[in-house]
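Undergrad: With the input below, show me the fold.
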Amino acid sequence: MKRLLLIICGFVYMGVMAQEGPSISSAILEIDRNNDLAEGKKYLDEAKELIESKGTGNVKEKNLAKFYHYQGLVNMRIAATPDPKINALNSNALEDAIKYYTLSIEYEAQSGKKRFSDKSLAQLATCSALLFQQAIDKSDANNKMGAAQDFKKVYMLKKETLKLEAWDTTSYFNAAIMAEQASRDTNLTVDQAKEARKMAISINEELLTMNYKGIAFSIKEVESGNRVSASSRVEAEAAVASEKYVDIQVEAPVTSDIYLALIRLYKSDGDESKYKDILSRARVAFPNDINLINMELQDYLDAKDIEGAMKILDVAIENDPSNKLYHYVKGVVNFNDVKNNDAALESYNRALEIDPKYFDALYMKGLLYIGEANKFTEEMNKLTINQTKKYDALKAEQKKVFAQAKPLFEAALEVSPEDADTLRALKEVYYRLGEYEKSKEMGDRLAGSLNK
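TA: A predicted model of the protein is given here:
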């Protein structure tokens, strides 16, 4: 009797061991012959429960190889279909497809028997393209961190699983961009933003180590109008052939952009040492890059290092002489810090040659003249009551200086009619020139502006 029970139990055990086979076979029939993804997935889910209940070590090698490959296949097709009903079968279909195709390749590498791994490898290349598009879709939906993670997965998939000689460093670069953007997302928690910065820093540092130049291609998405990167002309042409993208363009090297990103990230992280180190390295690598010059200039200005600021301003002007801002800033530094009005006037004039309606330069040049005029007031206040002739002479000279300031403030007011500082300055200038009606008008306009 005992022996009979053991034999019966043995048959039951063998039956359980064999059960996943029919489910897998039914799934293959539905997927390959009938193209019925819902039924195919149902049978594979049954097989999955059976395999998990007994453990993969108790599954026939041939069945497990089929199971891994077809799990990858059904999930890839679910992810790729435009039918929302099919998509709803598995919201995580693409990630599952990559997972099972990878298991298929790894399993057959261990077993030494290649049944499906070549097909799985080929299908993983399709998955990487779907994943790239998913990353773009997440970016368009303002899910920057999700986009960053997906772009990174594309890179890792091609590097570690597909083991391609040419890794998709474009996707890695895109991951860094998305992660930095995510770090500034106000909807993220402090810890999430910190993780995003950490990811962006790590990738950008690795890209520098790789000497990544990013000479790639960009394409424009027809629906959104946004430009996205492609790692090769082949990839760009394939995207255009899908009719979802147009306008292939060759992109310039982006190494300086990587430095700029790291500078921003380290500064945002409060890591002063690394911030200064990367800025120094960047300036050596790209001595004429205007964005890097601007960053170094701001550092000097924030630190009140006037000598350093003036040196970098001269470099900036040499590299971009038509940039009115550099001339203006040099004028302000000369006026406020160096106390050299002649040099300040020269810089303001240069800025106004470039843009005669440059409000800031008009206002500051006018302010410089008011400062000069007020020096006469100081001299006049030192005179005795009997020195009327000298007083009148100084007042006449002062009036000339106020007259020089007048057209500058008038021009500034045309550019910005409600600017309170300009109205206040013109009120004084008109009064000093004896134009009392205009002075009153400026006072009334100033009061109206302040009451708005």
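Undergrad: quick one: low-confidence ranges for the stretch 351-452 of the chain?
TA: Scanning the stretch 351-452 of the chain with the threshold set as pLDDT under 70 gives 451-452.
Undergrad: Please, where are all the helices along the stretch 351-452 of the chain?
TA: Applying DSSP state H, counting those that start in this stretch to the stretch 351-452 of the chain gives helices spanning 359-382, 388-415, 420-432, 436-450.
Undergrad: Single out the most deeply packed of those.
TA: Most buried of those, by mean neighbour count (mean count of other Cβ atoms under 10 Å): helix 420-432, with a mean of 20. (Glycine included, C-beta is placed from N, CA and C.)
Undergrad: Compute the inter-axis angle for it and helix 388-415.
TA: Orientation check (axes from the mean of the first three to the mean of the last three Cα atoms, to 10 degrees): helix 420-432 against helix 388-415 gives 150 degrees.
Undergrad: quick one: secondary structure of Ser229?
TA: strand (DSSP: H, G, I helix; E, B strand; the rest coil).
Undergrad: Assess the claim that it and Tyr172 are in contact.
TA: No: with contact defined as Cβ atoms under 8 Å, Ser229 does not count as touching Tyr172 (10.6 Å).
Undergrad: Can you report how many residues neighbour Lys62?
TA: Using other Cβ atoms under 10 Å, Lys62 is surrounded by 13 other residues.
Undergrad: List the contacts of the nearest residue to Arg115 once chain neighbours are set aside.
TA: What sits nearest to Arg115 in space, not counting adjacent residues and going by Cβ to Cβ, 6 or more residues apart in numbering, is Ala65, at 4.7 Å. Going by Cβ atoms under 8 Å, 6 or more residues apart in numbering, Ala65 touches Ser104, Tyr107, Glu108, Ser111, Lys113, Arg115, Phe116.
Undergrad: Repeat that for Ile177.
TA: Ile177 touches Ala148, Ala261, counting by Cβ under 8 Å, 6+ apart.
Undergrad: so for the helix or strand hosting it, what's the average pLDDT?
TA: Using DSSP states H and E, Ile177 falls within helix 169-183. Averaged across helix 169-183, pLDDT comes to 93.
Undergrad: Return the distance of it from the chain's centre.
TA: 7 Å (Cα atoms, centre = their mean, to the nearest Å).
Undergrad: If we go by neighbour counts, what in that helix is buried?
TA: Across helix 169-183, burial judged by 16 or more other Cβ atoms under 10 Å covers 169-183.
Undergrad: What's the mean pLDDT across whatever helix or strand comes next after that helix?
TA: Per DSSP H and E, the first helix or strand lying C-terminal to helix 169-183 is helix 190-209. When pLDDT is averaged over helix 190-209, the result is 95.
Undergrad: Using CSV, write down the CA coordinates of helix 190-209.
TA: The C-alpha trace of helix 190-209 is given here as CSV (Å, rounded to 0.1, in the frame of the first residue of the first chain):
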residue,chain,number,x,y,z
VAL,A,190,14.4,67.6,-1.8
ASP,A,191,15.7,64.1,-1.8
GLN,A,192,14.4,63.3,-5.3
ALA,A,193,16.0,66.5,-6.7
LYS,A,194,19.3,65.6,-4.9
GLU,A,195,19.2,62.1,-6.6
ALA,A,196,18.5,63.7,-10.0
ARG,A,197,21.6,66.0,-9.5
LYS,A,198,23.7,63.1,-8.4
MET,A,199,22.7,61.2,-11.6
ALA,A,200,23.4,64.1,-13.8
ILE,A,201,26.8,64.7,-12.2
SER,A,202,27.8,61.1,-12.5
ILE,A,203,26.8,60.8,-16.2
ASN,A,204,28.4,64.1,-17.2
GLU,A,205,31.7,63.2,-15.4
GLU,A,206,31.7,59.9,-17.2
LEU,A,207,31.1,61.6,-20.5
LEU,A,208,34.1,63.8,-19.9
THR,A,209,36.2,60.8,-19.1
